[in-house]
Every structure is written in structure tokens, then in C-alpha cells.
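[1] Got a sequence here, can you build the structure:
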Amino acid sequence: MFTQQLLNALTLGSVYALFALGFTLVFGVLAVINLSHGAVFMVGSYAALTLVTRLHLPLGIALPAAMALSGCLGMAIDVLILKPLRARNAPHLIPMIATIGVAIMLSSAAQGIFGAEILRFPEGTIPAGEFTLGEVHVRALELSIVGISFGLMAVLFLAIRRTQLGRALRAIAESPRSASLLGINVEGLFHATSFVAAALGGVAGVLIGLNFNAITPLMGQPILHKGIAVIILGGMGDIRGALLAGLFLGFAEVMSKAYLSSQMGDAVAFGLLFLILLVRPSGLFGRVLERKA
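    Numbering: from 1, shown residues only. The predicted structure is shown next:
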């Protein structure tokens, strides 16, 4: 029924938006399209699974721990890969190629450690509660996914808009050189941005792993494509656009699978994306951001 599919679309779209939010945050502040973000998403899933299955930690501890581990991985990628390229003033294409290499390395490492087969969270890990609102069956897991996703997005949005740190990040997004002249620790905030973005990606990976109860080494590749689509549709570097475009993509995918064909989800979603960009090439929220100095 339609209302049930709306709930499914909200659940999936909120995770897409959360993933894309980290993606667009890195682009907005560092002016880099980090193509290892999908691999970090995958690492977050495996980190939570390992903590639950091998260390027998409850999900309430495994989730924030996986978030922190993913954030550390993202910061390590920035320090070891992106920072030296920034120091050499490398062209924008070079960081993209470098992060593709990082993604391949992480996916291959995951396959070597965990194998290529689908892994699942053990029974009892995922909340089993369910209740009915009219004709809609609501699982506790779905409420948790939507609540966690929107909660993290709200915290990030308020931090960017209302705090001194957020103002510093907006200044860096406009001009790193000018921000440095104002006494802002540009490199430190680059590292912090990479940590936060990767942490959001890792949480999204855990939530998708829980929602579908399936984790594989290549699970980050499809979500990476959708993340790129979301930030383009929303407007490169725009947080509001990432939220709305993520929800739109989830809605289009779920509804097309429900009412057309299970094989048509991506075709319809990306077809609609193409049509929207024909009308508004710069995305929902204005122009593509450019570096000024």
C-alpha cells in the first residue's frame, strides 16, 4: 500500500541523505570529491558487525564505536593522501584518482579479511519490535534508522549554522587563504571535516547493513553512485540540497520498485534525476560553489 511504501522510502532516503551529507561536506570545505567515501561506508558496516559478533558488544555501543572508527579512517585518508596533494597544489582530478585507489584498496582488504560472501548480523542484534498505525506496519528498526539519521543531520546543520566552528568552516569554504589570514586553523579544520564526514558515512553503512541485514565488500559502490547523484541534484556543497535530494532518491527508488518492477528502481530514480538536471543544471539550491582564492 502507498503509506507503507512512504515509510520505506523515508527510511531509505534518510540513509541516502546521511551518506550524501558527509560527501557534500567534504566537497564544500575541501573542494574535493572523495571517491573513497563509499569504501568508508562499507568499513563502518564491517566494524559494527565485528564488534557485535567477535567482541559481543551491544548494538548501542557498536554503532558509535563504528562511527568513531570510520571517522578516524576518514581523517587518516585526509592526512596521508589529501594533505600532501594539497601541499603540492595538485589539480582537482588527482585527489579523485587517489581516493579511487584508496577505495579499491579498502574493498580488497575487506574481501581478503571477511571473504566475498554476504555476512549478516546475528539474530537478536536488530530490534524486533513492531506496531501498527492504521494500515502501516512500523518496525522499531525503521524508527531507529529515521531517528538516528535525522538526529545526526540536525546536529550537523545546527553546528554549521549556529556555532563558531560552523562559521569558520563556512569561511574556509569561501576562501581557505583568507580564512588562514584571519587566524583560522585551516588544516586542523580540514582534518576535522574529514573525520565528521567519514563518521556520517560509517553510520550510514551500519544503518543500511541493519536495514537489509546484508554486508559485502562491494556494498559501498552502489551507494557511492547514489551519493554523487544526490550532491549533484541538491547543489554541490549544499547541505539542504543533500537532505532533500537524498529523500527524493529514496522515494523514487522505492516507489518504482513497488509499482513498476523490482529491477527498475535505479533506472527510474536516475532517469528522474537526469530530467531535473535538464531543467536546473546547478541542482536544487543554486550554483555550483567555486573557490575564490
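
[2] When you work out contacts or count neighbours from here on, use the C-alpha atoms and nothing else.
    Noted.

[3] residue contacts, the residue nearest to Ser262 when sequence neighbours are not counted?
    In this structure, Ser262 finds its nearest non-sequential neighbour in Ser256, 7.5 Å apart by CA to CA, 6 or more residues apart in numbering. By CA atoms under 8 Å, 6 or more residues apart in numbering, the contact list for Ser256 reads Ser262, Met264, Gly265, Val268, Ala269.

[4] how about the host helix or strand of Arg170: buried residues?
    Using DSSP states H and E, Arg170 maps to helix 164-174. In terms of neighbour count (16 or more other CA atoms under 10 Å), helix 164-174 has its buried residues at Gly166, Ala168, Leu169, Arg170, Ala171, Ile172, Ala173, Glu174.

[5] Mind checking what helix or strand follows it in sequence?
    Once helix 164-174 ends, the next helix or strand along the chain (criterion: DSSP H and E) is helix 176-181.

[6] next helix or strand past that next one?
    helix 186-212.

[7] quick one on the thing from earlier: can you tell me which of the contacts of Ser256 end up in helices?
    Mapping the contacts of Ser256 onto helices (DSSP state H) picks out Gly265, Val268, Ala269.

[8] which one is the first one nearest to, not counting chain neighbours?
    What it means is Gly265. Glu253 (4.4 Å).

[9] Tell me where the longest helix sits in this structure.
    When the chain is parsed with DSSP H, its longest helix is helix 2-30.

[10] Tell me the confidence at Ala179?
    Looking at Ala179, its pLDDT reads 90.

[11] ok, now Ala269?
    pLDDT for Ala269: 74.

[12] Settle this for me: it is touching Ala252, isn't it.
    Yes - between Ala269 and Ala252 there is a contact under CA atoms under 8 Å: 5.1 Å.

[13] Kindly list the single helix or strand of this structure that scores lowest on mean pLDDT.
    None of the helices or strands of the chain scores lower by mean pLDDT, DSSP states H and E than strand 130-133, at a mean of 77.

[14] Backbone dihedrals for Ser262, please?
    phi -70, psi -20 (degrees, to the nearest 10).

[15] residues near it, how many?
    Burial of Ser262 is recorded as 13 neighbouring residues (other CA atoms under 10 Å).

[16] Count the neighbours of Pro222 for me.
    Pro222 has 11 neighbours, counted by other CA under 10 Å.

[17] My error: substitute Leu243 in the last question.
    24.
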